[in-house]
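Asker: this is the structure alone, sequence omitted:
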């Protein structure tokens with residue numbers, strides 16, 4: 001690299017060749033630097049970012065974006081993002097230079113998209129993709145401004161009431177499936193482990209420790225472009241080991257024993273999402289239980305655990321959530337009795353305190369039969385009493401959805 005002194009102006013400038021994002025060789029001249037160091041720094045930074053000059057169109061930059069994200073995003077996520085951009089962003093801005101798109105044009109684009117009548121959830125997804133694209137251009141390739149930052153975002157996440165089955169509903173559903181069949185064992189595994197569908201469909205014999213009743217969840221399965229894809233789990237925390245009950249272990253063991261010499265690294269459930277979804281719908285209609293999604297069986301497991309008094313931290317670990325806040329935000333509303341438990345404990349404490357006050361009053365009045373020194377009162381009973389209250393409240397009405405039959 002070299003910088004040159006502009007003797008006439010008393011400033012520095014650089015003149016250099018670089019390759020743009022297409023690989024074409026171009027020349028760049030930039031003047032007006034106060035020092036040689038500033039000029040050289042500009043050249044170095046420009047060459048680093050030149051392959052994504054913001055004069056390029058959005059259609060061109062989308063390719064740069066996915067090139068940069070190829071190692072950090074899963075193929076499935078890239079496909080979903082591409083589909084959204086191809087359908088909702090590029091028809092409007094494909095041939096527009098990234099640095100020419102204004103906030104006013106973003107507003108016009110939003111209005112056009114909103115008029116199509118999409119759900120708030122999908123509008124938010126579209127907006128997120130547009131914002132992410134410009135954020136990448138700004139943060140990595142020095143686009144001056146993100147026009148999305150200056151306008152109100154469209155869409156929002158709708159709060160839908162969570163659907164799940166009670167243990168009774170689940171057992172009614174299972175009466176519609178032949179015991180021991182592949183779908184029977186799959187739905188058993190989904191309900192009693194809370195595994196995601198893709199995680200369950202990726203399980204191989206090698207993932208199950210039959211000696212210690214452990215299930216290792218370390219990958220996920222899906223179909224893309226007509227091909228089977230097995231990749232790492234959703235997040236690092238999703239890579240986990242969970243305990244399974246003895247009866248489930250035996251069901252899985254018996255099922256695998258009927259699969260002729262199944263290799264240790266082969267999937268034990270060789271089916272796709274659409275087949276599982278179809279079977280779920282078919283059995284729901286047959287048995288008359290309420291309609292839920294395959295993913296809602298995971299919620300059903302959480303509801304069952306909460307009904308049995310399992311605390312959020314344990315559910316977080318079993319479900320592979322990255323943060324306890326995800327667990328609480330998702331399932332916190334299924335703990336409605338906890339406020340009542342706290343109130344009962346406070347009432348109980350107040351009663352004890354009132355009793356102590358009465359005792360002190362009796363001592364003052366010379367009642368020898370109740371001569372109790374308040375400093376010597378045994379408070380060790382408090383903890384056991386609180387546990388009793390918690391236990392009583394947990395058992396009232398069978399928890400959040402009735403007593404297990």
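Answerer: Yep, it's here. Keep in mind it's a predicted model, so treat the numbers as computed, not measured.

Asker: residues contacting stretch 77-85, please?
Answerer: Contact partners of stretch 77-85, identified using C-beta atoms under 8 Å, 6 or more residues apart in numbering, comprise 62, 66, 69-70, 73, 125-126, 129, 133, 224. In short, each C-beta sits where N, CA and C put it, glycine included.

Asker: among these, which one lies nearest to residue 161?
Answerer: Nearest to residue 161 among the contacts of stretch 77-85, counting by C-beta to C-beta, is residue 125 at 20.7 Å.

Asker: setting aside sequence neighbours, what's the nearest residue to that closest one?
Answerer: Using C-beta to C-beta, 6 or more residues apart in numbering and skipping residues adjacent in sequence, the residue nearest residue 125 is residue 84, 6.3 Å away.

Asker: chain center to the helix or strand encompassing that neighbour, what's the gap?
Answerer: In this assignment (DSSP states H and E), residue 84 forms part of helix 75-88. Distance of helix 75-88 from the chain centroid (C-alpha atoms, centre = their mean, to the nearest Å) equals 18 Å.

Asker: grab the nearest non-local neighbour of residue 236.
Answerer: Using C-beta to C-beta, 6+ apart, the closest residue to residue 236 is residue 322 (7.6 Å).

Asker: residues contacting that neighbour?
Answerer: Contacts of residue 322 by C-beta under 8 Å, 6+ apart are 235-237.

Asker: phi, psi of residue 6?
Answerer: Phi and psi for residue 6, reported as degrees, to the nearest 10, are phi -90, psi 100.

Asker: quick one, what contacts it?
Answerer: Residue 6 neighbours (C-beta under 8 Å, 6+ apart): 12-13, 31.

Asker: kindly recompute the last result at 10 Å.
Answerer: 12-13, 31-33, 39 (C-beta atoms under 10 Å, 6 or more residues apart in numbering).

Asker: among these, who's most crowded?
Answerer: residue 39 (25 neighbours; other C-beta atoms under 10 Å).

Asker: does that residue belong to a helix, a strand or coil?
Answerer: What DSSP: H, G, I helix; E, B strand; the rest coil gives for residue 39 is helix.

Asker: on that earlier part again, as TSV, the contacts of residue 6 with distance to residue 212 would be great.
Answerer: As requested, these are exported to TSV (distance: C-beta to C-beta, whole Å):
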residue	distance to residue 212
12	70
13	70
31	71
32	70
33	67
39	66
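
Asker: out of the contacts of residue 322, which comes closest to residue 7?
Answerer: residue 236 (58.0 Å).

Asker: now do the SS call for the closest one.
Answerer: coil.

Asker: got the phi and psi for residue 28?
Answerer: phi -130, psi 130.

Asker: same check on residue 212?
Answerer: According to degrees, to the nearest 10, residue 212 has phi -110, psi 10.

Asker: could you pull out the helices for the stretch 1-150 of the chain?
Answerer: Taking DSSP state H, counting those that start in this stretch as the test, the helices found in the stretch 1-150 of the chain are 36-49, 58-69, 75-88, 90-93, 103-114, 120-141.

Asker: if I look at residue 28, how far off is residue 15?
Answerer: 7 Å (C-beta to C-beta, to the nearest Å).

Asker: who touches both of the two?
Answerer: residue 43.

Asker: format the helices of the stretch 1-150 of the chain as a markdown table; extra columns: distance to residue 279.
Answerer: Below are the helices of the stretch 1-150 of the chain laid out as a markdown table (distance: least, C-beta to C-beta, whole Å):
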| stretch | distance to residue 279 |
| --- | --- |
| helix 36-49 | 51 |
| helix 58-69 | 35 |
| helix 75-88 | 22 |
| helix 90-93 | 38 |
| helix 103-114 | 36 |
| helix 120-141 | 26 |
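
Asker: CSV for those helices, including mean pLDDT?
Answerer: CSV is the format used below for the helices of the stretch 1-150 of the chain (pLDDT from 0 to 100):
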stretch, mean pLDDT
helix 36-49, 84
helix 58-69, 91
helix 75-88, 93
helix 90-93, 97
helix 103-114, 96
helix 120-141, 94
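
Asker: for residue 241, find the nearest of those helices.
Answerer: helix 75-88 (24.1 Å).

Asker: just want the angle from that closest one to helix 58-69.
Answerer: Comparing the axes of helix 75-88 and helix 58-69 via axes from the mean of the first three to the mean of the last three C-alpha atoms, to 10 degrees yields an angle of 170 degrees.
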